[in-house]
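Colleague: Next one to model:
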Amino acid sequence: MKNIIYIICLLGLFNCKAQSPVISSVAFVNDDTIELSDGSYLKDIENKFAPFIGTWKWEMGNSILEIEFSKLETVYDGEIYEDYLVGKYRFVNSNGNEVINSLNYDINVTNMHKRLHDIIAGSGYVTENSMQFRLTDIANGVRCYLDFSLITTTQASWKIRRQDGGSQPNGFIFPTEIIFTKQ
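Modeller: Next up is the predicted model:
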C-alpha cells in the first residue's frame, strides 16, 4: 500500500507544470520592469480593444476603405501568447477598382501569421484611444505602421507611415491620413 501511494505521488509530481504568467497588456506597456518568459500571455485584461472592434468605413468619391476589426485571443508566436486586434479590409481606389478585399478571409489564431501581408494586425496597448498596427502596402511591397486613433466612439483617424522611416516616391496605395466612421 505504501508503494502504491509513493508511485501515485511520484506520478503527480511529473505531471505538474508551472503556470505561465498572464500579464496585462496595459501593465506591460506601463511597467519597464516586467519581463516576459517563454509561455507568458500578454492579455487584454482591461478590455482596451473593445472600442476598436467593429466595422469602420471611409469614402471619398469612388474610393472606399472598409475595415472590420476583431479580437483574437491567445495567439502564439513561438515564445509567448498575445491577444491581437486584427483588421480584415477592402480597398477600392479612386478609379473604382477593388485593390484588395480580405473581408471574407477566415482569420484565426492558427493562420493569422500566414496572412500578415493582407490583414491589419496589432497587439498590445498603446493608449486609451490609440492602437498601432502593422500593415503592408501590397502594391509597393512596403511595410507600414498604421496609427489608428479614436476621436470619438464613432470616429477614428488613420495615419500611415513606412516602418523603415523612408519616403515612398510613388505614394502609398492607401490614403495616408483619413477619418473613419464606425458603422
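
Colleague: would His113 count as being in a strand?
Modeller: No - counting by DSSP: H, G, I helix; E, B strand; the rest coil, His113 falls outside a strand, being helix.

Colleague: Which residue comes closest to it once chain neighbours are left out?
Modeller: Once flanking residues are discounted, His113 sits nearest to Asp77: 7.2 Å by C-beta to C-beta, 6 or more residues apart in numbering. Backbone N, C-alpha and C define where each C-beta goes, glycine included.

Colleague: With Gly39 instead?
Modeller: Nearest one to Gly39, counting by C-beta to C-beta, 6+ apart, is Ser20 at 3.6 Å.

Colleague: give the contact list for the residue most central in space within the chain.
Modeller: Centroid-nearest residue in the chain: Gly122, 2.5 Å away (criterion: C-alpha atoms, centre = their mean). Counting by C-beta atoms under 8 Å, 6 or more residues apart in numbering, Gly122 touches Tyr84, Leu85, Val86, Met131, Gln132, Phe133, Arg134, Leu146.

Colleague: returning to what we had before: how close does the residue nearest to His113 get to Ser70?
Modeller: From Asp77 over to Ser70 the distance is 18 Å, taken as C-beta to C-beta, to the nearest Å.

Colleague: Looking only at neighbour counts, state which of those two leads.
Modeller: Ser70 (15 against 11; other C-beta atoms under 10 Å).

Colleague: hang on, the more buried one in a helix?
Modeller: No - counting by three-state DSSP, Ser70 is not found in a helix; it is strand.

Colleague: Tyr41 and Gly166, how far apart?
Modeller: 35 Å.

Colleague: Settle it for me: which of those two has more neighbours?
Modeller: More crowded of Tyr41 and Gly166, by other C-beta under 10 Å: Tyr41, with 18 against 9.

Colleague: In contact with the closest residue in space to that one that isn't next to it in sequence, which residues?
Modeller: Nearest residue to Tyr41, sequence neighbours excluded (C-beta to C-beta, 6+ apart): Tyr81, at 4.2 Å. If you count contacts by C-beta under 8 Å, 6+ apart, Tyr81 has them with Ser20, Gly39, Ser40, Tyr41, Leu42, Thr74, Val75.
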